[in-house]
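J.: Sharing a sequence plus its predicted fold:
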2 protein chains.
Amino acid sequence: MSTTIRDVAKRLKLSITTVSRALDGYDDVAESTRELVISTAREMRYVPNRAARQLRRQRTETIGYILPAEGTGFTDLFFSEFIAGLSDEATLGHYDLLVAAAPPDSKAEKELYKRWVQGGKVDGIIVNRVRLSDWRLHFLSRQHVPHVSLERSLSHLDFVGVEVDSLSGLLELIAYLVSQGHRRIAYIGGGSDLKIDHDRFAGYQAGLEAAAIGSDPVLVVRSNITSEDGYRAARQLLDLANRPTAIVCINDLTAIGAMHAAHERGLMIGRDVSIAGFDGIADAAHTEPPLTTLEQPVYTVARQLAHMLLAMIAGTPLETKQVRIQPKLLIRSSTGRA
Amino acid sequence: MSTTIRDVAKRLKLSITTVSRALDGYDDVAESTRELVISTAREMRYVPNRAARQLRRQRTETIGYILPAEGTGFTDLFFSEFIAGLSDEATLGHYDLLVAAAPPDSKAEKELYKRWVQGGKVDGIIVNRVRLSDWRLHFLSRQHVPHVSLERSLSHLDFVGVEVDSLSGLLELIAYLVSQGHRRIAYIGGGSDLKIDHDRFAGYQAGLEAAAIGSDPVLVVRSNITSEDGYRAARQLLDLANRPTAIVCINDLTAIGAMHAAHERGLMIGRDVSIAGFDGIADAAHTEPPLTTLEQPVYTVARQLAHMLLAMIAGTPLETKQVRIQPKLLIRSSTGRA
DNA sequence: TTGTAGGCGTTATCAA
DNA sequence: TTGATAACGCCTACAA
């Protein structure tokens, strides 16, 4: 092992108490000894042992995040941005971030939550891809584990976190498409138990309704949230006898797949068919043509979430428990007149 | 806190010793007591406290990975897949994965390594985006911290990990482009201190040499490894009086940006200009046109790395310390005849 | 202003 | 086969 507080104390002929308090910035330590302690500690490369400190303080200084992923082929710029944000904010607060991957609602997911929470491996947890009825949130509430979530579930009352207003975002997007003359607008979504699907689909429907367009179930396709699935769903839509003139996708990844399908059919995107996404990942600016999307500031949101979580853990009262963010409609050339 | 081993022992009127050993599967415990202990523990929802176990065992059951990223906009699909692989393998071995983000070669990066290693926060570390002369590897060696890396640095002798043969991959790619009649081939790279840049650039040069094509420094551009930078670099290349007919990019992300620049110039990719990437991320199959790339099995590599690391930590001798992987050339329509 | 001592929850040594 | 007991390294109430 490395140097312990004992080694430092011994070297200085001080008690470990004094060393500990000098380092932790208590004010009942003589300025001269403090300086001596600090410089010696640095010189000896002393770093407190985390396990010991955790055991004593009953705090882990670690927060956890579980990626909703299964095996290979799972990639989304959203998540790497999200993790970067969480981790940066955690580091700022001298916290660490524990990450794992588990398929949504799987046994593995349950096991992880149990291990982390009951084993005291984390002080708090960040949840995203919330489901309409989400046992994770109830579990965390019941166990009194601090947690924040991106999106709220319907049944979860004491929600703390960030909510992106998908509904009004989609409302705006649909209104824009309608203004461009579109009447046959399709929707490619994810599992209908997902909160984001629920909200975005509701926005889609509300948008159609506002424009007095009847909804056609044939134009709604649901699958997993990957570019591969977007590709397949779009093929299906574009093969319809009466095919849509616009396709709205649950996120950018799906939209990228959908664009591929349109290209394959020889359609000119933005003229023959309009396609839009959601997220505003970096790639979306560089697709051909650049993708119209509803941008949400993923990195900032992640930092905000981590910040709120750390405050909860520290017991600091939060200014705002529920932050609401409006996605920003970025109109690029993947959408145009019908 | 949750139930402790004490609670279980008290309930059963056994000593904590017996409970501990029954649960850990020692064979000097009566079969009947073991069963009793296990069932009671489960019933009481007992999960061992990690901090205590760590302190006693001097092992954290945690491995660490630090993302080479700075703030927003610096992420890559590569990473989410990589993290998923690491985490899956870790979970399999009852390990957890600690993740942080830090700009390469920054003070923050050093701080993190120090905290994790000296504070005993992790048992081992996975390193990627290796630099030619990489203090991280030396630091870890010197501190006797088990570690594996994707790519090896030039100066690091006791390398354990996975190496993707970028050089021969690029050699193959260039040969293919040459066979298509290309003579003016450009290279968009990353920082020249990066091992992957070093290897891929060497492969690029060797490829040119093999075809007896003189290298033109104007055709080599280096920047950060993002789609935004790829976009900018490609603009610069395409504005040359004597512009390249093919552009080889250090990775897919960069290539996606480069394609955007080509589209913007009204060039038909695959005919007017050929573009190729490296990585084989999911999106690359769905670009317009689909991207020719050198595919490496990121998820599998990540699992392999984690597996090797866990073996090192456990002290199990490794069958192979250095795995070499050939990237696979996927020829798609973003490249064609000159 | 500094030091003594007890305990956080486990595991491991040794004795019964 | 089981049980006392001593660490692991740190923090902190209390005493000096």
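T.: Perfect, thanks for sending it.

J.: in the stretch 151-300 of chain A, what residue is nearest DNA strand D?
T.: A:Val160 (25.9 Å; C-beta to the nearest atom of the strand). Where you see a C-beta, it was placed from the backbone N, CA and C, and this is true even at glycine.

J.: what separates the residue lying closest to that residue once chain neighbours are set aside from A:Met312, distance-wise?
T.: Distance criterion C-beta to C-beta, 6 or more residues apart in numbering or on different chains; nearest residue to A:Val160, sequence neighbours excluded, is A:Lys321 at 4.6 Å. For A:Lys321, the distance to A:Met312 equals 9 Å [C-beta to C-beta, to the nearest Å].

J.: which of those two has more neighbours?
T.: Between A:Lys321 and A:Met312, counted using other C-beta atoms under 10 Å in any protein chain shown, the more crowded position is A:Met312 (19 against 14).

J.: rewinding a little: any shared contact partners between A:Lys321 and A:Met312?
T.: Contact criterion C-beta atoms under 8 Å, 6 or more residues apart in numbering or on different chains; residues shared by A:Lys321 and A:Met312: A:Val160.

J.: Next up, phi/psi of A:Ala102, please.
T.: Main-chain torsions, A:Ala102, degrees, to the nearest 10: phi -150, psi 140.

J.: All the strands of the stretch 101-250 of chain A, residue numbers only.
T.: Secondary structure of the stretch 101-250 of chain A (DSSP state E, counting those that start in this stretch): strands located at A:124-127, A:147-150, A:161-164, A:185-189, A:220-222, A:246-249.

J.: ok, A:Gln180 touching A:Thr292?
T.: No. Contact criterion C-beta atoms under 8 Å: A:Gln180 and A:Thr292 do not qualify, at 10.5 Å.

J.: Neighbour count: those two, which is higher?
T.: Neighbour tally, A:Gln180 and A:Thr292, criterion other C-beta under 10 Å: the higher count belongs to A:Thr292, 26 against 15.

J.: Let me see the ranges of the helices in chain A.
T.: A:5-12, A:16-24, A:31-43, A:50-57, A:77-92, A:107-118, A:135-142, A:166-179, A:195-210, A:227-238, A:252-264, A:298-314 (DSSP state H).

J.: okay, those, which one's buried deepest?
T.: Among the helices of chain A, the stretch with the highest mean neighbour count (mean count of other C-beta atoms under 10 Å in any protein chain shown) is helix A:252-264, at a mean of 26.

J.: Alongside DNA strand C, which residues does the stretch 1-150 of chain A contribute?
T.: A:13-18, A:21, A:27-31, A:33, A:52, A:55-56, A:58 (C-beta under 7 Å from any atom of the strand).

J.: and A:Thr254, what does it touch?
T.: So A:Thr254 contacts A:Ile188, A:Gly190, A:Ile225, A:Thr226, A:Ser227, A:Asp229, A:Gly230, A:Ala233, A:Gly277 (C-beta under 8 Å, 6+ apart).

J.: Check A:Ala22 too.
T.: Contacts of A:Ala22 by C-beta under 8 Å, 6+ apart are A:Val29, A:Thr33, A:Arg34, A:Val37, A:Ile38.

J.: Quick one, grab the pLDDT at it.
T.: Looking at A:Ala22, its pLDDT is 91.

J.: Could you list the low-confidence segments of the stretch 201-338 of chain A?
T.: Of all residues in the stretch 201-338 of chain A, none has pLDDT under 70.

J.: Output the strands of the stretch 101-250 of chain A in JSON lines, with mean neighbour count appended to each entry.
T.: Shown next, in JSON lines, are the strands of the stretch 101-250 of chain A (neighbours: other C-beta atoms under 10 Å in any protein chain shown):
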{"stretch": "strand A:124-127", "mean neighbour count": "24"}
{"stretch": "strand A:147-150", "mean neighbour count": "26"}
{"stretch": "strand A:161-164", "mean neighbour count": "22"}
{"stretch": "strand A:185-189", "mean neighbour count": "26"}
{"stretch": "strand A:220-222", "mean neighbour count": "19"}
{"stretch": "strand A:246-249", "mean neighbour count": "31"}
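
J.: Would you mind measuring from the residue nearest to A:Val160 to A:Leu86?
T.: Distance of A:Lys321 to A:Leu86, computed by C-beta to C-beta: 19 Å.

J.: Using PDB, list the CA coordinates for stretch A:222-241.
T.: Provided in PDB are the C-alpha atoms of stretch A:222-241 (Å, rounded to 0.1, in the frame of the first residue of the first chain):
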ATOM      1  CA  ARG A 222     -41.900   1.600 -33.100                       C
ATOM      2  CA  SER A 223     -38.700  -0.300 -32.600                       C
ATOM      3  CA  ASN A 224     -35.400   0.000 -30.700                       C
ATOM      4  CA  ILE A 225     -33.600   3.300 -30.700                       C
ATOM      5  CA  THR A 226     -30.700   2.700 -33.000                       C
ATOM      6  CA  SER A 227     -29.700   3.800 -36.500                       C
ATOM      7  CA  GLU A 228     -30.200   0.200 -37.700                       C
ATOM      8  CA  ASP A 229     -33.800   0.200 -36.500                       C
ATOM      9  CA  GLY A 230     -34.400   3.700 -37.900                       C
ATOM     10  CA  TYR A 231     -33.200   2.300 -41.200                       C
ATOM     11  CA  ARG A 232     -35.600  -0.600 -41.100                       C
ATOM     12  CA  ALA A 233     -38.500   1.400 -40.000                       C
ATOM     13  CA  ALA A 234     -38.000   4.000 -42.700                       C
ATOM     14  CA  ARG A 235     -37.800   1.300 -45.400                       C
ATOM     15  CA  GLN A 236     -41.200   0.000 -44.300                       C
ATOM     16  CA  LEU A 237     -42.700   3.500 -44.300                       C
ATOM     17  CA  LEU A 238     -41.200   4.400 -47.700                       C
ATOM     18  CA  ASP A 239     -42.600   1.200 -49.200                       C
ATOM     19  CA  LEU A 240     -46.200   2.200 -48.400                       C
ATOM     20  CA  ALA A 241     -48.400   2.800 -51.400                       C
END
